[in-house]
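Trainee: Structure here, sequence nowhere to be found:
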């Protein structure tokens with residue numbers, strides 16, 4: 001009796017503790033229903049069999065792979081995520097798995113079904129991709145499957161759902177184990193980033209607002225975008241002078257450090273970064289590249305950084321001014337005279353000046369006057385032959401001067417300048433001319449009168465002498481007769 005009672009006590013004790021010891025190994029026959037519903041018991045048996053497996057699905061994404069592009073991995077290291085866009089062709093889809101059990105796993109094989117828009121490399125459409133992992137996987141370690149797939153042009157960016165079937169062997173166990181997973185992965189697309197600047201030509205010694213645009217010409221969203229526009233260290237091209245020293249940039253960013261925070265840039269979108277720059281005089285006629293550093297987070301959650309450049313050309317200034325307008329007479333003909341001053345830093349090439357005709361008052365005679373190259377800070381005089389309308393009165397008359405020139409890039413420019421000129425009809429000159437001509441007759445008249453007087457005097461004297469001679473002759477004759485008579 002005592003032995004029998006002891007045996008019953010042991011059996012009762014074992015019946016109490018046994019379910020607790022083996023609770024993590026579920027028995028499908030104990031938990032699945034015996035109801036003969038179509039397929040219900042088979043699905044339950046499969047689920048219970050899989051729930052006891054040690055293989056776990058971790059993640060699936062596109063990558064360069066373990067030995068592609070120098071992506072060598074150490075133990076338990078997984079490859080990096082990359083951006084893949086529709087139409088990229090062959091890409092590697094990585095499935096990251098883990099051994100969550102207590103024993104080493106070996107002989108892993110994986111089959112991945114292809115969703116619409118993807119195709120297994122080297123196989124017919126609809127066939128699954130296959131890969132193996134031949135090394136042993138210790139408990140707690142990870143391993144990967146690499147599935148080469150073709151990403152077609154018709155593939156859309158976004159999430160995809162598919163099936164992953166895994167088979168493997170477990171150490172200290174006999175028989176093949178398997179598990180099926182419902183997995184999803186992302187086709188992230190790719191951000192294609194370009195930059196541009198609104199006006200690549202900037203003047204010197206002037207605060208110039210610039211807009212640097214960042215374009216996302218790709219298929220992936222850019223998040224948490226940060227843009228930094230920097231000043232150049234050295235120049236790339238100097239047209240007619242030495243490159244500035246590298247110790248200090250001749251271009252400065254005013255009012256900040258060129259940093260701008262942008263939330264997102266959608267595919268096909270852009271973001272503008274506004275800065276104000278100042279170029280010193282030593283940067284004149286020189287081309288520079290402004291570095292643009294762009295950091296963002298791609299759809300995989302990976303931080304990215306790229307660098308682009310925008311080019312600018314620092315152009316010297318040409319600032320022309322017309323002054324000292326007036327009327328001068330050359331060969332008794334009126335000319336509109338004045339001075340043209342270049343207050344900038346660069347030559348004004350092929351400079352011409354002309355009067356915009358005011359037909360009612362004044363008009364230019366001839367073609368525009370060519371002045372040539374106008375250097376900085378060197379006044380250049382000009383004279384434009386003009387003609388006034390008949391009968392205009394003395395007054396101040398408005399005039400408009402047109403100046404044309406080209407810069408050092410041979411870009412033509414034109415500007416006009418308004419002014420007033422004082423006009424006085426040249427009546428004084430006519431009076432003086434008449435007086436001169438009148439005075440010229442005085443010596444002529446005096447000379448003529450003198451000559452006439454002299455002629456009269458000469459005639460009178462000659463007549464008197466003749467009369468005297470006749471008188472003397474008569475006296476002689478009388479004396480002769482008297483003598484004869486005697």
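Mentor: Received, thanks. Bear in mind the structure is a predicted one, so any value in this text is a computation, not a measurement.

Trainee: Show me where the stretch 1-150 of the chain has its strands.
Mentor: 55-63, 89-99, 105-112, 118-120, 129-133, 142-151 (DSSP state E, counting those that start in this stretch).

Trainee: can you list these in CSV and add distance to residue 216, mean neighbour count and mean pLDDT?
Mentor: Just so you know, the C-beta spots here come from the backbone N, C-alpha and C atoms, and that holds for glycine as well. Below are the strands of the stretch 1-150 of the chain laid out as CSV (distance: least, Cβ to Cβ, whole Å; neighbours: other Cβ atoms under 10 Å; pLDDT from 0 to 100):
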stretch, distance to residue 216, mean neighbour count, mean pLDDT
strand 55-63, 19, 19, 94
strand 89-99, 21, 20, 94
strand 105-112, 31, 20, 93
strand 118-120, 25, 20, 92
strand 129-133, 31, 18, 94
strand 142-151, 20, 21, 93
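
Trainee: Is it possible to get a markdown table of these that adds distance to residue 264?
Mentor: As requested, the strands of the stretch 1-150 of the chain are exported to a markdown table (distance: least, Cβ to Cβ, whole Å):
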| stretch | distance to residue 264 |
| --- | --- |
| strand 55-63 | 21 |
| strand 89-99 | 25 |
| strand 105-112 | 32 |
| strand 118-120 | 27 |
| strand 129-133 | 33 |
| strand 142-151 | 24 |
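
Trainee: So for residue 183, which of the ones you listed sits nearest?
Mentor: Among the strands of the stretch 1-150 of the chain, the nearest to residue 183 by Cβ to Cβ is strand 55-63 (5.3 Å).

Trainee: Low-confidence regions, the stretch 251-400 of the chain specifically.
Mentor: Under the criterion of pLDDT under 70, the regions of the stretch 251-400 of the chain flagged as low confidence span 359.

Trainee: Quick one: closest of the strands of the stretch 1-150 of the chain to residue 339.
Mentor: Of all these, the one in closest proximity to residue 339, counting by Cβ to Cβ, is strand 89-99 (70.2 Å).

Trainee: Direction included, what does the helix or strand where residue 304 lies pair up with?
Mentor: Taking DSSP states H and E as the criterion, the element that holds residue 304 is strand 303-315. Listed by DSSP bridges, the sheet partners of strand 303-315 and their directions read strand 201-203 (parallel), strand 286-297 (antiparallel).

Trainee: highest average neighbour count across those?
Mentor: strand 286-297 (a mean of 20; mean count of other Cβ atoms under 10 Å).

Trainee: tell me how far that one is from the chain's mean position?
Mentor: Relative to the centre of its chain, strand 286-297 is centred 11 Å away, using Cα atoms, centre = their mean, to the nearest Å.

Trainee: What are the contacting residues of that strand?
Mentor: Where contact means Cβ atoms under 8 Å, 6 or more residues apart in numbering, the residues beyond strand 286-297 that reach it are 191, 193, 195, 197, 212, 214, 222-232, 235-239, 241, 243-244, 250-251, 265, 303-314.

Trainee: Now with 7 Å, please.
Mentor: Outside strand 286-297, the residues that touch it by Cβ atoms under 7 Å, 6 or more residues apart in numbering are 193, 195, 212, 214, 222-232, 235-239, 251, 303-314.

Trainee: what about burial for those, which qualify?
Mentor: By the neighbour-count criterion of 16 or more other Cβ atoms under 10 Å, the contacts of strand 286-297 include these buried positions: 193, 195, 212, 214, 222, 225, 227, 229-232, 235, 238, 251, 304, 308, 310, 312-314.

Trainee: That concludes my questions; thank you for your assistance.
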